[in-house]
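Undergrad: can you look at this prediction? I've put the sequence above it.
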Amino acid sequence: MNKYVFHEDPGHGWLEVDRHELERFVDLSEVSEFSYEKNGKVYLEEDCDAGLFLQALKDSGVEYKLVEKVYRTHDAPIRNYPRFHP
């Protein structure tokens, strides 16, 4: 079973995915500029991009588990990462 970290701060959330794995399941041109990328990891914004990836996993029969990482009192550092570019 695949495990993914869902990062959440007081204003938003992102699903952390290895870029190579993302490429296997999703057309990168479909990922919005509201996602971020750093060190081979893509942080898919919660409203559209994360759902796109999770639906692709489901359609492929891949089981997964989400683990939450919550930043309760401050913004997630993800907000300072470079924007995603296909």
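TA: Here it is on my side, so go on. In this text the structure is predicted, and so the values were computed from the model without any measurement.
Undergrad: drop to CA atoms for contacts and neighbour counts, all remaining ones
TA: OK.
Undergrad: can you pull out the strands in this structure?
TA: 2-8, 13-18, 36-38, 41-45, 64-70 (DSSP state E).
Undergrad: list the buried ones in the first one?
TA: Just to be clear, that refers to strand 2-8. Along strand 2-8, these residues count as buried under the neighbour rule (16 or more other Cα atoms under 10 Å): F6, H7, E8.
Undergrad: so what strands line up beside that strand?
TA: Here strand 2-8 is paired, per DSSP bridges, with strand 13-18 (antiparallel), strand 64-70 (parallel).
Undergrad: would CSV of those with mean pLDDT and mean neighbour count be doable?
TA: Shown next, in CSV, are these (pLDDT from 0 to 100; neighbours: other Cα atoms under 10 Å):
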stretch, mean pLDDT, mean neighbour count
strand 13-18, 98, 22
strand 64-70, 97, 13
